[in-house]
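K.L.:
Dropping a prediction and its sequence here:
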Amino acid sequence: MLLNYDPLAPLYIIGTSVAASELQNWISQETLGAVITISKDEYYNLPADSQCIIGFQTIQYRINFLQTIYNNTRWVTYIHPRAFVSDSTKLGNGTTIGPLTCINHKVTVDKHASIGPLVTIGHGATLGNNCVISPGVVIGGSAVVGDNVYFGQSSSVRDKITICSNTNFAMTSAVTKDIEQSGTYISNKKTNIIL
């Protein structure tokens, strides 16, 4: 399902990565409108009010790009038809949600989040702007996640945890306590505690 979308105008997916190609494939199966992947540089040549989605996943690249976007871009939100998103969930513009993902009751997701396949987000959780959630991640209920946070594959976050902005978690990380300092975190496989 595409939100904030005009099927009579082209939809531009910004990025030339495999992730952007996969997103184009998902969306093309749902619309008869033109879905075109473009590079970051091509974005700056688009006409005013073009409708776009960010297709690349690298968090720092996304942060740098979002600092240079045009205010007159129409950011489209995409929800894969095989995802579940509660009616009480609030999604920011430019968010993408992959297949078999479950977003529960009263979740808030800010702008430009990229939520991959097989993700579960518990009731009442809040995600900030430009979060990238890799496949298989589980975020517990009432968790609060800041802006520009990256979760590697199969990471998990206990319920009622707060995570500050500009934080990265390696794949299979288990977040069991609040994260108050930005940085990159890796779980210790022996103790399953974030280091």
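P.N.:
Structure's in. What do you need?
K.L.:
so what's the residue nearest to the spatial centre of the chain up against?
P.N.:
By CA atoms, centre = their mean, the chain has its centre lying nearest to S114, at 1.5 Å. Neighbour list for S114: 19, 54, 57, 62, 95-96, 131-133 [criterion: CB atoms under 8 Å, 6 or more residues apart in numbering]. Placement of C-beta: from N, CA and C, glycine included.
K.L.:
cutoff 6 Å now
P.N.:
96, 132 (CB atoms under 6 Å, 6 or more residues apart in numbering).
K.L.:
Now do stretch 16-31: distance to the chain's middle.
P.N.:
Chain-centre distance of stretch 16-31: 15 Å, with CA atoms, centre = their mean, to the nearest Å.
K.L.:
Residue numbering should commence at 502 henceforth.
P.N.:
Sure, I'll start numbering at 502, so the last one becomes stretch 517-532.
K.L.:
Mind listing what's buried along that stretch?
P.N.:
In terms of neighbour count (16 or more other CB atoms under 10 Å), stretch 517-532 has its buried residues at 520-521, 524-525, 527-528, 531.
K.L.:
need those in JSON lines with distance to A626, can you?
P.N.:
Converted to JSON lines, those look like this (distance: CB to CB, whole Å):
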{"residue": "A520", "distance to A626": "23"}
{"residue": "A521", "distance to A626": "26"}
{"residue": "L524", "distance to A626": "23"}
{"residue": "Q525", "distance to A626": "28"}
{"residue": "W527", "distance to A626": "24"}
{"residue": "I528", "distance to A626": "25"}
{"residue": "E531", "distance to A626": "26"}
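K.L.:
export those to TSV and tack on pLDDT?
P.N.:
Formatted as TSV, the buried residues of stretch 517-532 follow (pLDDT from 0 to 100):
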residue	pLDDT
A520	90
A521	91
L524	92
Q525	92
W527	91
I528	92
E531	83
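K.L.:
Closest to I640 out of those?
P.N.:
I640 lies nearest to A520 out of the buried residues of stretch 517-532, by CB to CB, at 19.8 Å.
K.L.:
doesn't the closest one fall inside a helix?
P.N.:
Yes: according to DSSP: H, G, I helix; E, B strand; the rest coil, A520 belongs to a helix.
K.L.:
residue contacts, it?
P.N.:
Neighbour list for A520: 556, 558 [criterion: CB under 6 Å, 6+ apart].
K.L.:
The one 3 residues further on now?
P.N.:
Counting by CB under 6 Å, 6+ apart, E523 touches no other residue.
K.L.:
give me the element it is part of.
P.N.:
helix 519-529 (DSSP states H and E).
K.L.:
What is the subsequent helix or strand relative to that helix?
P.N.:
strand 536-539.
K.L.:
And the contacts of that next one?
P.N.:
Contact with strand 536-539 is made by 511-515, 521, 525, 528-529, as judged by CB under 6 Å, 6+ apart.
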